[in-house]
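Colleague: need a structure here:
(2 chains)
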Amino acid sequence: MKKGLWKSLAVICAVSGITYAGSTVRVSVPSYGDSTKPAFERIVADFEKANPDIKINLEVGSWSAWQQKLQTDFFSGGNADLIYSTRGWVPTYVAGGKLEPLDSHLSAEFLAQFPKSLIDAAKVNGKLYALPSVTSARNLYVNLDLLKKAGAKVPKTWAELKEAAKLVSEKTDAAGFGIQGKEVEMEKYFYYILWNMGGSVLDKVVDGSKSMLDASEAIKAAQFYSDMIKKGYTQKNVASYNREDLQELFKQGKLAMMITHGVLAEQIGSEGHKINFIQTDVPGMSADKKGVTLGVIDAVHLSKNSKNKEAAVKFLKFTFQPKYQADWIAKANLLPVTIEAGKAPEFQAKHLQAMIAAVPNARFAFIHKKSTKIIDIIKNELQAMYAGKKSAEEAMKSAAKKINRAAR
Amino acid sequence: MKSGSLKPLLFILPSFLLAFVIIAYPIIDLVRLSLNDVGTFGEMHGFIGLENYHYVTEDELFTEVLLRTLYWTFFVVAGTIAISLPIALILNEDFYGKGIARTIIMLPWAISLAMTAVIWKWLLNPDYGMLNHLLLGLGLIDENIGWLADADTAFPLQILIGILVSIPFTISILMGGLTSIPTDIYEAAHLDGSSYWQRLKTLTLPLLRPFINIAVVLNVIYVFNSFPIIWILTEGGPSNGTDILPTYLYKLAFRDGEIGLAAALSVIMLLILLGFTLFYAYFAMKKED
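Modeller: Next up is the predicted model:
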């Protein structure tokens, strides 16, 4: 009986690859949609065929709990070798000593495939701990029928946007301008007005130490949104709308304008909504100068405790072939990070081209080792302001005070 | 003689070790974390004494959240007991369809808390939720209300949902108590010409007392530590307006990566619950003897 048990255990071990001789690389990828997993499975299959001595263990998880997953993985030391994540968390990982700089692992020739601005934005302390994997820029979505009905024109400046939102809210049943009031990226929705008014969250983009939210530019920006909400130019109950709720409102034709990424345009088409809309530039302060929009970079990291760094880098390089980027990134309605991949026919779709046109005016959000805490503070103060419980000045000053304490 | 006194200790050693590993070790580790400067990924940067405790408690948010947790616990537990007791008394009577009534009352227990919370989140959605739809239909409101967009409406609703989900468990404890009361004392009281209220006041409630006490203590512990309802409905927002200690703790640990502060807060929560349980055991349960 006992002998039988040992025998079967040995067989199980052999089958499950415990006795595998080559190197194994574990890769963690958050899901950007239904297409992510099959696309990565194809990359893995092709890679393993070309490199029989390397085995890739792929795990694809949900974005919503990704940060917690990576934190617990790192905490227990059970993290993957290659980790797909976002630029925003890099300083936290670097402060914890969890990442291996990629500078020495990647040749200048390989890095030359990427636009320099992307690589520069991903660096922390002058080192490349995060290689950009996908990027996106945001557009202003405008429902042309609603604007026409209200007698408003497509806004080029924030003053025009306010006027258009006013007309829509007065002359139609729809809301003028959508403001996101909770959950993922809520704080970023405030950056559009903050940056265009000349404000910023911290004194530096990377690891700043002083908050700039108590400056007059930031207070003016907060006042602008707060005023629109008070006057009824936005959707009601701002604090109960997350990004998807706002997009849903736009798809139903109940919202005239909102700022978001390319997914919305694709969904309007694929879900069959009859909305006559355009994706245009985020408004600026004057009609002759384009507004600043938000750019987002997601990135891939090599973990410091990886035992197979060489094999991991080999796989990493493999994934940047244009055909693979077109496969998983275009289907997720995001933009590729290499110049060559951008030429692929998959990225010529209208909604992706609108995002590409916005890239030159895109700015990237601050990154800080306490970024999640700082973002939480901004969100809470904004929510209090959106609900009318704090004035713009109170909210911004209180946010600045709390951020200065947290950024210790 | 000596070996005789050691033997019993030896026999309980395995269970003691098991309890130690499962209960004591995590607590010791928690205290250790709370006294150290800990990085986001568990790296120890050295002993810092009570600094984490100072930092957590001097934050104005801490007092706010602590008070809200006490309200939350008090109202949910008091509401649950106030509703469960009469229901348990009714279910203990003989009536037609008693079995079905019992099943209906117990049914919500079979649904996970997270699922209940998700269903409520949909019911309370300002645009597509059933509640606004119903109230609009009845003409009680003239425009959609964002129930969860404001802590003033969100928190009372969360308390209400907290009460609803705690009822089945509480009723089952009270029903257990009711069936353990011998019926002959009621018969004797009946013969003596006592009324229903007299029997309730002098027989049922005093005899049910130990069970009510257990229901209170267990509910306080569960509700104080309860996470899913508030997390799923509002994540403690808007602007921390519905945060209670467990949601605040989760944010500290897993969003902000402040492991040391989170450990200190956990220890504080443990002490509060321990203090309550000892206090209650001493005063309320002592009266039973």
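
Colleague: Show me the strands in the chain, by range?
Modeller: By default, I'm working from chain A. With DSSP state E as the criterion, chain A has strands at A:23-30, A:54-61, A:82-86, A:131-137, A:139-143, A:175-177, A:255-260, A:277-280, A:293-302, A:362-364.

Colleague: The intended chain is chain B.
Modeller: Using DSSP E, strands in chain B cover B:36-38, B:44-47.

Colleague: Indicate which one of the ones you listed is closest to residue B:149.
Modeller: strand B:36-38 (35.5 Å; C-beta to C-beta). C-beta: built from backbone N, CA, C; applies to glycine.

Colleague: thinking again about what came up before, I'd like the strands of chain A as TSV, with distance to residue A:391, mean pLDDT and mean neighbour count appended.
Modeller: Below are the strands of chain A laid out as TSV (distance: least, C-beta to C-beta, whole Å; pLDDT from 0 to 100; neighbours: other C-beta atoms under 10 Å in any protein chain shown):
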stretch	distance to residue A:391	mean pLDDT	mean neighbour count
strand A:23-30	38	95	21
strand A:54-61	41	95	17
strand A:82-86	33	95	24
strand A:131-137	32	94	24
strand A:139-143	27	97	24
strand A:175-177	20	97	26
strand A:255-260	24	97	26
strand A:277-280	32	96	19
strand A:293-302	26	95	24
strand A:362-364	27	94	19
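
Colleague: Check the burial of the closest residue to chain A within the stretch 101-250 of chain B by counting its neighbours.
Modeller: Nearest residue of the stretch 101-250 of chain B to chain A (C-beta to the nearest C-beta) works out as residue B:146 at 2.7 Å. The tally of other residues near residue B:146 (other C-beta atoms under 10 Å in any protein chain shown) stands at 24.

Colleague: got it, and residue A:153?
Modeller: Other residues close to residue A:153 by other C-beta under 10 Å number 13.

Colleague: contacting residues around it?
Modeller: Listed by C-beta atoms under 8 Å, 6 or more residues apart in numbering or on different chains, the contact partners of residue A:153 are A:147, A:160, A:164.

Colleague: Could you chop chain A up by domain?
Modeller: A:2-135+A:295-360, A:139-294+A:366-406 (automatic domain parsing).

Colleague: hmm, back to that, out of the contacts of residue A:153, which end up buried?
Modeller: A:147, A:164 (16 or more other C-beta atoms under 10 Å in any protein chain shown).

Colleague: Could you give the number of residues near residue 247?
Modeller: In the absence of a named chain, chain A is used. 22.

Colleague: Chain B is the one I meant
Modeller: Around residue B:247 there are 23 residues (other C-beta under 10 Å).

Colleague: Make sure it is actually in contact with residue B:228.
Modeller: No: contact criterion C-beta atoms under 8 Å: residue B:247 and residue B:228 do not qualify, at 9.8 Å.

Colleague: returning to what we had before: would you mind finding the most buried of the strands of chain B?
Modeller: Neighbour counts (mean count of other C-beta atoms under 10 Å in any protein chain shown) averaged over each of the strands of chain B peak at strand B:36-38, with a mean of 19.

Colleague: Make JSON lines out of the strands of chain B and add mean pLDDT and distance to chain A.
Modeller: Output for the strands of chain B, formatted as JSON lines (pLDDT from 0 to 100; distance: least, C-beta to the nearest C-beta, whole Å):
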{"stretch": "strand B:36-38", "mean pLDDT": "92", "distance to chain A": "10"}
{"stretch": "strand B:44-47", "mean pLDDT": "90", "distance to chain A": "11"}
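
Colleague: circling back to that earlier point, okay if I get the contacts of residue A:153 as CSV plus pLDDT and distance to chain B?
Modeller: Below are those laid out as CSV (pLDDT from 0 to 100; distance: C-beta to the nearest C-beta, whole Å):
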residue, pLDDT, distance to chain B
A:147, 97, 22
A:160, 97, 28
A:164, 97, 22
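
Colleague: For residue A:400, state which of the contacts of residue A:153 is nearest.
Modeller: Of the contacts of residue A:153, the one sitting nearest to residue A:400 (C-beta to C-beta) turns out to be residue A:160, at 29.7 Å.

Colleague: Excluding chain neighbours, what is closest to the closest one?
Modeller: Excluding its sequence neighbours, the residue lying closest to residue A:160 (C-beta to C-beta, 6 or more residues apart in numbering or on different chains) is residue A:283, at 6.8 Å.

Colleague: What about residue 48, how many residues nearby?
Modeller: Reading this off chain A. So residue A:48, with other C-beta under 10 Å, has 15 neighbours.

Colleague: Chain B was what I was after
Modeller: 16.
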